[in-house]
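Asker: Here is my input, please return the structure:
(one chain, ligands or ions: 1)
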Amino acid sequence: MYDMKYDLAKDGFCLSPKIFSSSQITSACNGLSDVIQGIYETGISPENRFWNIGDDPKSIIKIDKPHLCNEQIWNLITNPDFGKWLADTVGAKRIQVWHSQSVWKPEGGGEKGHAGWHRDTQYWPFWKPSGVFTAWIALTDVIENSGPVRYIRGSNKWEDITGMDFFDKNLAAQDEILEDTHYGHKVVSANIEKGHISIHTSQVYHSSGPNISKGPRIGMVVHFCTDSSERIPVKGELTSYLNQTENESICPVIYEN
Ligand SMILES: O=C(O)CCC(=O)C(=O)O
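Answerer: Got it, this is the predicted structure:
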(Lines give C-alpha, C1' and ligand atoms only; values in the text may rest on other atoms or scores of the structure.)
Protein backbone atom coordinates (compact mmCIF):
# COMPACT_ATOMS: atom_id res chain seq x y z
CA MET A 1 0.00 0.00 0.00
CA TYR A 2 0.96 3.63 -0.31
CA ASP A 3 2.41 5.76 2.44
CA MET A 4 -0.44 8.25 2.73
CA LYS A 5 -0.79 11.22 5.05
CA TYR A 6 -4.29 11.86 6.44
CA ASP A 7 -7.38 9.74 5.98
CA LEU A 8 -9.59 10.50 2.98
CA ALA A 9 -12.83 9.25 4.55
CA LYS A 10 -12.25 10.70 8.01
CA ASP A 11 -10.39 13.95 7.26
CA GLY A 12 -11.88 14.54 3.80
CA PHE A 13 -8.47 14.63 2.10
CA CYS A 14 -5.13 12.82 1.95
CA LEU A 15 -1.62 13.56 0.65
CA SER A 16 0.23 11.11 -1.59
CA PRO A 17 3.84 10.14 -2.11
CA LYS A 18 5.49 11.11 -5.43
CA ILE A 19 3.48 9.81 -8.38
CA PHE A 20 4.90 11.75 -11.34
CA SER A 21 8.51 12.08 -12.52
CA SER A 22 10.15 15.49 -12.88
CA SER A 23 10.17 15.19 -16.67
CA GLN A 24 6.42 14.43 -16.80
CA ILE A 25 5.79 17.48 -14.64
CA THR A 26 8.07 19.74 -16.69
CA SER A 27 6.38 18.70 -19.95
CA ALA A 28 2.90 19.33 -18.53
CA CYS A 29 3.99 22.66 -17.14
CA ASN A 30 5.31 23.75 -20.54
CA GLY A 31 2.03 22.62 -22.08
CA LEU A 32 0.14 24.68 -19.56
CA SER A 33 2.21 27.79 -20.33
CA ASP A 34 1.24 27.40 -23.97
CA VAL A 35 -2.45 27.04 -23.12
CA ILE A 36 -2.33 30.13 -20.92
CA GLN A 37 -0.81 32.04 -23.84
CA GLY A 38 -3.63 30.85 -26.09
CA ILE A 39 -1.49 28.32 -27.97
CA TYR A 40 -3.63 25.19 -28.43
CA GLU A 41 -1.43 22.46 -29.90
CA THR A 42 -4.37 20.13 -30.61
CA GLY A 43 -6.40 22.88 -32.23
CA ILE A 44 -9.06 22.50 -29.51
CA SER A 45 -9.90 25.36 -27.13
CA PRO A 46 -10.35 24.84 -23.41
CA GLU A 47 -13.92 24.55 -22.14
CA ASN A 48 -13.63 27.89 -20.34
CA ARG A 49 -11.02 30.55 -19.53
CA PHE A 50 -11.35 32.66 -16.39
CA TRP A 51 -8.22 34.62 -17.37
CA ASN A 52 -7.37 35.96 -20.81
CA ILE A 53 -4.28 37.48 -22.43
CA GLY A 54 -4.17 41.12 -21.36
CA ASP A 55 -5.82 40.41 -17.99
CA ASP A 56 -3.97 41.22 -14.77
CA PRO A 57 -0.85 38.99 -14.77
CA LYS A 58 -0.97 38.79 -10.97
CA SER A 59 -4.48 37.30 -10.84
CA ILE A 60 -5.08 33.61 -10.34
CA ILE A 61 -5.25 31.93 -13.75
CA LYS A 62 -7.98 29.31 -13.90
CA ILE A 63 -8.58 27.45 -17.14
CA ASP A 64 -11.13 24.63 -17.52
CA LYS A 65 -10.34 21.39 -19.37
CA PRO A 66 -6.85 22.38 -20.58
CA HIS A 67 -6.23 18.67 -21.23
CA LEU A 68 -8.19 19.09 -24.48
CA CYS A 69 -5.68 21.62 -25.80
CA ASN A 70 -2.30 20.02 -25.22
CA GLU A 71 -0.95 16.48 -25.48
CA GLN A 72 1.47 16.79 -22.54
CA ILE A 73 -1.35 17.81 -20.22
CA TRP A 74 -3.49 14.99 -21.60
CA ASN A 75 -0.63 12.53 -20.98
CA LEU A 76 -0.24 13.72 -17.40
CA ILE A 77 -3.85 13.25 -16.37
CA THR A 78 -4.30 9.95 -18.22
CA ASN A 79 -1.13 8.38 -16.82
CA PRO A 80 -1.93 4.72 -15.92
CA ASP A 81 0.04 4.81 -12.62
CA PHE A 82 -1.98 7.84 -11.59
CA GLY A 83 -5.23 6.08 -12.50
CA LYS A 84 -4.26 2.99 -10.49
CA TRP A 85 -3.23 5.11 -7.53
CA LEU A 86 -6.56 6.95 -7.55
CA ALA A 87 -8.49 3.68 -7.80
CA ASP A 88 -6.59 2.15 -4.87
CA THR A 89 -6.94 5.28 -2.78
CA VAL A 90 -10.70 5.73 -3.19
CA GLY A 91 -11.44 2.00 -3.47
CA ALA A 92 -12.89 2.10 -7.00
CA LYS A 93 -12.90 -0.27 -9.97
CA ARG A 94 -13.17 2.50 -12.53
CA ILE A 95 -11.78 6.03 -12.70
CA GLN A 96 -12.98 8.56 -15.27
CA VAL A 97 -11.84 12.17 -15.54
CA TRP A 98 -15.04 14.16 -16.09
CA HIS A 99 -13.47 17.61 -15.65
CA SER A 100 -10.07 19.27 -15.19
CA GLN A 101 -8.75 22.73 -14.48
CA SER A 102 -5.39 24.37 -14.13
CA VAL A 103 -4.91 26.83 -11.29
CA TRP A 104 -1.76 28.94 -11.81
CA LYS A 105 -1.18 31.37 -8.96
CA PRO A 106 1.47 34.00 -9.81
CA GLU A 107 3.73 35.20 -7.01
CA GLY A 108 3.11 38.60 -5.48
CA GLY A 109 -0.56 38.93 -6.41
CA GLY A 110 -1.80 39.30 -2.84
CA GLU A 111 -5.48 38.62 -2.56
CA LYS A 112 -5.86 38.38 -6.35
CA GLY A 113 -4.45 34.89 -5.86
CA HIS A 114 -7.02 33.85 -3.27
CA ALA A 115 -9.42 30.99 -3.81
CA GLY A 116 -12.29 31.32 -1.33
CA TRP A 117 -13.48 28.57 0.99
CA HIS A 118 -15.86 26.21 -0.77
CA ARG A 119 -16.82 22.59 -1.16
CA ASP A 120 -16.81 21.22 -4.70
CA THR A 121 -20.42 20.02 -4.57
CA GLN A 122 -21.50 23.69 -4.52
CA TYR A 123 -20.65 23.74 -8.22
CA TRP A 124 -21.73 20.19 -9.08
CA PRO A 125 -25.52 20.00 -8.73
CA PHE A 126 -25.52 17.07 -11.15
CA TRP A 127 -23.56 14.66 -8.89
CA LYS A 128 -24.49 12.94 -5.63
CA PRO A 129 -21.64 13.83 -3.24
CA SER A 130 -20.23 10.34 -2.70
CA GLY A 131 -18.15 8.66 -5.40
CA VAL A 132 -16.78 11.90 -6.91
CA PHE A 133 -13.38 13.25 -5.92
CA THR A 134 -10.66 15.73 -6.85
CA ALA A 135 -6.94 15.13 -7.29
CA TRP A 136 -4.66 18.18 -7.13
CA ILE A 137 -1.33 17.53 -8.87
CA ALA A 138 1.52 19.83 -7.80
CA LEU A 139 3.44 21.08 -10.86
CA THR A 140 5.72 23.16 -8.60
CA ASP A 141 6.97 22.58 -5.07
CA VAL A 142 4.26 23.95 -2.80
CA ILE A 143 5.32 25.47 0.51
CA GLU A 144 3.37 27.48 3.07
CA ASN A 145 4.37 30.76 1.38
CA SER A 146 3.10 29.61 -2.03
CA GLY A 147 -0.55 29.79 -0.99
CA PRO A 148 -1.16 26.05 -0.81
CA VAL A 149 -4.60 24.46 -0.94
CA ARG A 150 -5.79 24.28 2.69
CA TYR A 151 -8.34 21.82 3.96
CA ILE A 152 -10.53 21.94 7.05
CA ARG A 153 -10.03 18.57 8.63
CA GLY A 154 -13.30 16.65 8.99
CA SER A 155 -15.41 19.38 7.31
CA ASN A 156 -16.59 16.75 4.84
CA LYS A 157 -19.05 15.79 7.59
CA TRP A 158 -20.40 19.34 8.12
CA GLU A 159 -23.69 20.80 6.96
CA ASP A 160 -23.46 23.44 4.18
CA ILE A 161 -22.28 26.86 5.37
CA THR A 162 -23.79 29.96 3.74
CA GLY A 163 -21.32 32.57 2.46
CA MET A 164 -18.56 30.28 1.17
CA ASP A 165 -17.44 30.70 -2.48
CA PHE A 166 -14.35 29.86 -4.56
CA PHE A 167 -14.60 33.18 -6.42
CA ASP A 168 -14.87 35.33 -3.26
CA LYS A 169 -11.40 36.72 -2.47
CA ASN A 170 -12.40 37.95 0.99
CA LEU A 171 -10.96 35.11 3.03
CA ALA A 172 -11.00 37.18 6.23
CA ALA A 173 -14.81 37.54 6.07
CA GLN A 174 -15.19 33.83 5.35
CA ASP A 175 -12.85 32.98 8.24
CA GLU A 176 -15.14 34.94 10.55
CA ILE A 177 -18.13 32.89 9.43
CA LEU A 178 -16.13 29.71 9.99
CA GLU A 179 -15.08 30.82 13.47
CA ASP A 180 -18.71 31.58 14.33
CA THR A 181 -20.05 28.30 13.02
CA HIS A 182 -17.15 25.94 13.78
CA TYR A 183 -14.94 27.47 16.45
CA GLY A 184 -11.59 25.68 16.82
CA HIS A 185 -11.69 24.01 13.38
CA LYS A 186 -8.38 22.61 12.19
CA VAL A 187 -6.86 23.83 8.90
CA VAL A 188 -4.20 21.69 7.18
CA SER A 189 -2.06 23.03 4.32
CA ALA A 190 -1.28 20.67 1.46
CA ASN A 191 2.42 21.53 1.33
CA ILE A 192 3.51 18.99 -1.24
CA GLU A 193 6.45 18.67 -3.57
CA LYS A 194 6.31 18.75 -7.35
CA GLY A 195 4.87 15.46 -8.66
CA HIS A 196 2.95 14.73 -5.46
CA ILE A 197 -0.83 14.87 -5.19
CA SER A 198 -3.49 15.75 -2.71
CA ILE A 199 -6.87 14.17 -3.11
CA HIS A 200 -10.10 15.36 -1.57
CA THR A 201 -13.74 14.38 -1.27
CA SER A 202 -16.42 16.53 -2.86
CA GLN A 203 -17.65 17.75 0.53
CA VAL A 204 -14.49 18.94 2.28
CA TYR A 205 -14.11 22.72 2.65
CA HIS A 206 -10.92 24.09 1.10
CA SER A 207 -9.39 27.38 -0.03
CA SER A 208 -6.00 28.95 -0.74
CA GLY A 209 -4.34 32.21 0.26
CA PRO A 210 -1.78 34.57 -1.29
CA ASN A 211 1.41 33.41 -2.96
CA ILE A 212 4.24 35.28 -1.22
CA SER A 213 6.95 32.89 -2.43
CA LYS A 214 9.45 33.61 -5.21
CA GLY A 215 7.73 31.75 -8.05
CA PRO A 216 4.31 30.71 -9.33
CA ARG A 217 2.29 28.01 -7.56
CA ILE A 218 0.95 25.72 -10.25
CA GLY A 219 -1.62 22.98 -9.82
CA MET A 220 -3.39 20.69 -12.24
CA VAL A 221 -6.77 19.78 -10.81
CA VAL A 222 -8.42 16.53 -11.89
CA HIS A 223 -12.06 15.91 -11.02
CA PHE A 224 -12.96 12.25 -11.38
CA CYS A 225 -15.93 9.96 -11.02
CA THR A 226 -15.94 6.25 -10.23
CA ASP A 227 -18.06 3.13 -10.64
CA SER A 228 -20.05 4.26 -7.58
CA SER A 229 -20.79 7.83 -8.76
CA GLU A 230 -24.44 8.70 -9.28
CA ARG A 231 -25.87 11.48 -11.40
CA ILE A 232 -28.70 13.74 -10.25
CA PRO A 233 -31.09 15.02 -12.95
CA VAL A 234 -30.93 18.82 -13.19
CA LYS A 235 -32.89 21.39 -15.11
CA GLY A 236 -31.61 24.34 -17.11
CA GLU A 237 -28.32 24.81 -18.93
CA LEU A 238 -26.58 21.99 -17.04
CA THR A 239 -29.18 19.35 -18.00
CA SER A 240 -26.92 17.63 -20.48
CA TYR A 241 -23.52 18.74 -19.14
CA LEU A 242 -22.51 15.27 -17.98
CA ASN A 243 -23.50 13.65 -21.27
CA GLN A 244 -19.93 14.42 -22.31
CA THR A 245 -18.81 11.53 -20.08
CA GLU A 246 -19.96 9.33 -22.98
CA ASN A 247 -17.14 10.81 -25.06
CA GLU A 248 -13.75 9.53 -23.93
CA SER A 249 -11.88 12.05 -26.04
CA ILE A 250 -13.22 14.64 -23.58
CA CYS A 251 -13.63 12.56 -20.42
CA PRO A 252 -11.02 9.78 -20.52
CA VAL A 253 -11.39 6.59 -18.47
CA ILE A 254 -7.95 6.27 -16.91
CA TYR A 255 -8.42 3.04 -14.96
CA GLU A 256 -10.71 0.05 -15.26
CA ASN A 257 -10.46 -3.29 -13.51
O1 LIG B 1 -5.73 25.53 -6.44
C2 LIG B 1 -6.42 26.16 -5.64
O3 LIG B 1 -5.98 27.07 -4.98
C4 LIG B 1 -7.87 25.75 -5.44
C5 LIG B 1 -8.14 24.40 -5.97
C6 LIG B 1 -9.51 23.89 -5.75
O7 LIG B 1 -10.42 24.58 -5.37
C8 LIG B 1 -9.77 22.47 -6.00
O9 LIG B 1 -8.82 21.74 -6.25
O10 LIG B 1 -10.95 22.05 -5.93
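Asker: element containing the residue lying closest to residue 193 once chain neighbours are set aside?
Answerer: Counting by C-beta to C-beta, 6 or more residues apart in numbering, residue 141 is the residue found nearest to residue 193 once chain neighbours are left out, at 5.1 Å. Yep, even glycine has a C-beta here, placed from its N, CA and C like the rest. Under the criterion DSSP states H and E, no helix or strand holds residue 141.
Asker: So residue 141 sits against residue 196, correct?
Answerer: No - in this structure, residue 141 is not within contact of residue 196 by C-beta atoms under 8 Å, at 9.1 Å.
Asker: Same drill for these two, tell me which one is more crowded.
Answerer: Using other C-beta atoms under 10 Å as the criterion, residue 141 and residue 196 rank with residue 196 on top: 21 against 15.
Asker: What does the pLDDT read for the more buried one?
Answerer: At residue 196, the predicted lDDT confidence score is 96.
Asker: Might you report the residue contacts of it?
Answerer: Residues in contact with residue 196 (C-beta atoms under 8 Å, 6 or more residues apart in numbering) are 15, 16, 17, 18, 19, 138.
Asker: Pull the contacting residues for the closest residue to the ligand within the stretch 151-257 of the chain.
Answerer: Relative to the ligand, the nearest point of the stretch 151-257 of the chain is residue 208 (3.3 Å; C-beta to the nearest ligand atom). Applying C-beta under 8 Å, 6+ apart, we find residue 208 in contact with 105, 113, 114, 115, 147, 148, 149, 150.
Asker: Just give the number of residues close to the third one.
Answerer: When you say that, I think you mean residue 114. Look at residue 114: counted by other C-beta under 10 Å, it has 24 neighbours.
Asker: okay but residue 238 is in contact with residue 125, surely?
Answerer: Yes - counting by C-beta under 8 Å, residue 238 touches residue 125, with 6.5 Å between them.
Asker: quick one: the helices in the protein?
Answerer: Secondary structure of the chain, counting by DSSP state H: helices at 8-11, 22-36, 71-77, 80-90, 171-181.
Asker: now for the fourth one, which elements pack on it?
Answerer: In this structure, helix 80-90 packs against strand 94-105, strand 132-138, strand 197-201, strand 217-226, strand 253-256, with contacts taken as 3 or more C-beta pairs under 8 Å, 6 or more residues apart in numbering; DSSP states H and E.
Asker: how about the ones you listed in CSV, adding distance to residue 56?
Answerer: CSV is the format used below for the helices and strands packed on helix 80-90 (distance: least, C-beta to C-beta, whole Å):
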stretch, distance to residue 56
strand 94-105, 13
strand 132-138, 24
strand 197-201, 27
strand 217-226, 16
strand 253-256, 34
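Asker: Please dump these into a markdown table; it should also carry mean neighbour count for every row.
Answerer: Listed next are the helices and strands packed on helix 80-90 as a markdown table, based on neighbours: other C-beta atoms under 10 Å:
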| stretch | mean neighbour count |
| --- | --- |
| strand 94-105 | 23 |
| strand 132-138 | 25 |
| strand 197-201 | 25 |
| strand 217-226 | 24 |
| strand 253-256 | 18 |
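Asker: need the residues of the stretch 151-257 of the chain near the ligand, please.
Answerer: Contacts of the stretch 151-257 of the chain with the ligand, taken as C-beta under 6 Å from any ligand atom, map to 166, 206, 208, 219, 221.
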